[in-house]
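> take a look and give me a structure for this.
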Amino acid sequence: MFKKVHDTTGLNKFLLPFVLLIPIAIILELLHANPVLILISSALAIVPLAAVIGEATEVVADKIGPRFGGLLNATLGNAAELIIAIVALQAGLIDLVLASITGSILGNLLLVLGLALLMGGFKHGTQKFNRANASIDATMLIVAVIALGIPSMFNLALEPNFTAVEGLSMTAAIAMLIMYGLAILYSFLAKPEDKDPIAREPAPMEELHWSMRHAIILLVVAVAFIALMSEFLVGAVEPVTETLGLSEFFLGIILIPLVGNAAEHMVAVQVAMKNEMDLSLSIAIGSSLQIALFVAPLLVFLSLLVGNPMPLEFSYFELAALTAASFVAALVSLDGESNWLEGAMLLMVYTILALAFFFL
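Sure, this is the predicted structure:
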């Protein structure tokens, strides 16, 4: 359910030009260049770095065994988004962080899943997947959205009693982390035939001949560079919003989720085109679950450490979008079949939501 799989076939060559943006972003920052250029270059530079983290994590996970490996994958699966969010919290951009949580879930459920269904459907027609496994993920996703929504709705009524607001957010965060842990435990204890397909052996992929030491070094270096690029990106947010007239909210809900998950998004589409729909759905829905049940509650506690408390308080527009997206994903999972028309529907909803949030 929570294991990330990175198909590197053809992906590294595609991402190679993006690596050049790392020194470009550094030079632009040192020269105090146009904030728009700094934001674009640093955001795109995060894409290959996130892919390196995914691949290095897979290598380390294979070396330490399936149980601890699965836990490592679950923990570092969304490292890029988590690092960006922490840097943004340090800068006091709480609205940006909350928007990025919403955008990550919406992006996975509507954009990524929509592209996967569309491209896979065009190539293979009607595609089948394990209905039981997909419905487990979909049900947990709806529960996760409800868990995010309850403190959001009640906090609006509890203000200005910020002690109660903070207490409710922390309680909900603890409950979600427990749910996340139980889901990982379920994937360990379930019989092989009952496990989510993402926890099984993946389809044959290009093998990475990295040693444990090599993988760990690359992991540390990639995390360090993502932290640096995140500093540049977050530092350019306010000047860019003033220059282009874009809202901080729009950048958080559209831009940040795209750069943090770009490599994984491509993997979901690739495996769908190989007719591996179980794996594709697990990547799209599983990543949303990680954001909702792990990243969001973890950020609540990390925000206290950096001195900028972040309550779980999403707007009604965000809650409406998250609820709609989770129910659409559940409906797609009901019959165990998918086609390109369902993918087009999801993409249409994402486009309308992106436009609505742009004007909002």
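> contacts for the helix or strand encompassing Met119, please.
Assigned by DSSP states H and E, Met119 belongs to helix 113-124. Helix 113-124 is touched from outside by 127, 265, 268-269, 271-273, 275, 277, 280-281, 284-285, 329, 332, 338-347, 349-350, with contacts defined as C-beta atoms under 8 Å, 6 or more residues apart in numbering. Glycine gets a C-beta too; all of them are placed from N, C-alpha and C.
> buried subset of those?
Listed as buried from these are 127, 265, 268-269, 271-273, 275, 277, 280-281, 284-285, 329, 332, 338-340, 342-343, 345-347, 349-350; burial here means 16 or more other C-beta atoms under 10 Å.
> just those: which are in helices?
Residues of the buried ones among the contacts of helix 113-124 located in helices (DSSP state H): 265, 268-269, 271-273, 277, 280-281, 284-285, 329, 332, 340, 342-343, 345-347, 349-350.
> for stretch 284-300, measure first residue to last.
End-to-end distance of stretch 284-300 (C-alpha to C-alpha, to the nearest Å): 24 Å.
> where's the residue nearest the centre of the chain, which helix or strand?
Of all residues in the chain, the one closest to the mean position by C-alpha atoms, centre = their mean is Ser104, 4.7 Å from it. Per DSSP H and E: Ser104 is located in helix 94-106.
> quick one: distance of that helix to the chain centre.
Taking the mean of its C-alpha atoms, helix 94-106 sits 10 Å from the chain's own mean (C-alpha atoms, centre = their mean, to the nearest Å).
> quick one: list the elements packing against that helix.
Packing partners of helix 94-106 (3 or more C-beta pairs under 8 Å, 6 or more residues apart in numbering; DSSP states H and E): helix 79-90, helix 248-250, helix 256-273, helix 277-290, helix 296-305, helix 316-334.
> next, the angle helix 79-90 makes with that helix.
160 degrees (axes from the mean of the first three to the mean of the last three C-alpha atoms, to 10 degrees).
> could you export helix 94-106 as PDB, CA atoms only?
Presented in PDB, the C-alpha positions along helix 94-106 are these (Å, rounded to 0.1, in the frame of the first residue of the first chain):
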ATOM      1  CA  ILE A  94       1.700  28.400   6.400                       C
ATOM      2  CA  ASP A  95      -0.900  29.000   3.700                       C
ATOM      3  CA  LEU A  96       1.600  27.800   1.100                       C
ATOM      4  CA  VAL A  97       2.200  24.600   3.100                       C
ATOM      5  CA  LEU A  98      -1.500  23.900   3.600                       C
ATOM      6  CA  ALA A  99      -2.100  24.500  -0.100                       C
ATOM      7  CA  SER A 100       0.700  22.200  -1.100                       C
ATOM      8  CA  ILE A 101      -0.900  19.400   1.000                       C
ATOM      9  CA  THR A 102      -4.200  19.900  -0.800                       C
ATOM     10  CA  GLY A 103      -2.500  20.200  -4.200                       C
ATOM     11  CA  SER A 104      -0.500  17.000  -3.700                       C
ATOM     12  CA  ILE A 105      -3.600  14.900  -3.000                       C
ATOM     13  CA  LEU A 106      -5.600  16.500  -5.800                       C
END
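> pLDDT on that helix, on average?
The average pLDDT within helix 94-106 is 90.
> can you tell me what sits against that helix?
Contacts for helix 94-106 (C-beta under 8 Å, 6+ apart): 78, 81, 84-85, 88-89, 145, 234, 237, 248-254, 256-257, 260-261, 287-288, 291-292, 295-296, 299, 303, 308, 310, 313-314, 318, 321-322, 325-326, 350, 353.
> cool, and stretch 219-234?
Stretch 219-234 is contacted from outside by 22, 25-26, 29, 38-39, 41-43, 45-46, 49-50, 52-53, 56-57, 60, 76, 79-80, 83-84, 86-88, 91, 93, 96, 256, using C-beta under 8 Å, 6+ apart.
> quick check: mean pLDDT of it?
For stretch 219-234, the mean per-residue pLDDT is 86.
> where does the stretch 151-300 of the chain dip in pLDDT?
Where the stretch 151-300 of the chain drops to pLDDT under 70, the residues are 190-209, 263.
> hang on, the earlier thing: of the contacts of stretch 219-234, just the buried ones, ChimeraX syntax please.
The ChimeraX command for the buried members of those (criterion: 16+ other C-beta under 10 Å) is given here:
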select :22,25,26,29,38,39,41,42,43,45,46,49,50,52,53,56,57,60,76,79,80,83,84,86,87,88,91,93,96,256
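> starting at the chain centroid, how far to the strand or helix carrying Ala183?
Element membership of Ala183 [criterion: DSSP H and E] is helix 162-189. Mean-position distance between helix 162-189 and its chain equals 18 Å (C-alpha atoms, centre = their mean).
> repeat for stretch 149-168
On C-alpha atoms, centre = their mean, the centre of stretch 149-168 falls 26 Å from that of its chain.
> report the buried residues of that stretch.
The neighbour-count check on stretch 149-168 (16+ other C-beta under 10 Å) flags 149, 151-152, 154-155, 158, 165-166, 168 as buried.
> one more: stretch 179-193?
Buried-residue list, stretch 179-193, by 16+ other C-beta under 10 Å: 179-180, 183-184, 186-187.
> can I get it in CSV? Just the C-alpha atoms.
The C-alpha trace of stretch 179-193 is given here as CSV (Å, rounded to 0.1, in the frame of the first residue of the first chain):
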residue,chain,number,x,y,z
MET,A,179,-3.9,5.1,11.2
TYR,A,180,-0.8,5.3,9.0
GLY,A,181,1.1,3.0,11.3
LEU,A,182,-1.8,0.5,11.3
ALA,A,183,-1.9,0.5,7.5
ILE,A,184,1.8,-0.3,7.3
LEU,A,185,1.3,-3.1,9.9
TYR,A,186,-1.6,-4.5,7.8
SER,A,187,0.7,-4.6,4.8
PHE,A,188,3.2,-6.6,6.9
LEU,A,189,0.7,-9.1,8.4
ALA,A,190,-1.7,-9.6,5.5
LYS,A,191,-1.4,-12.8,3.5
PRO,A,192,0.4,-12.4,0.1
GLU,A,193,-2.8,-12.8,-1.9
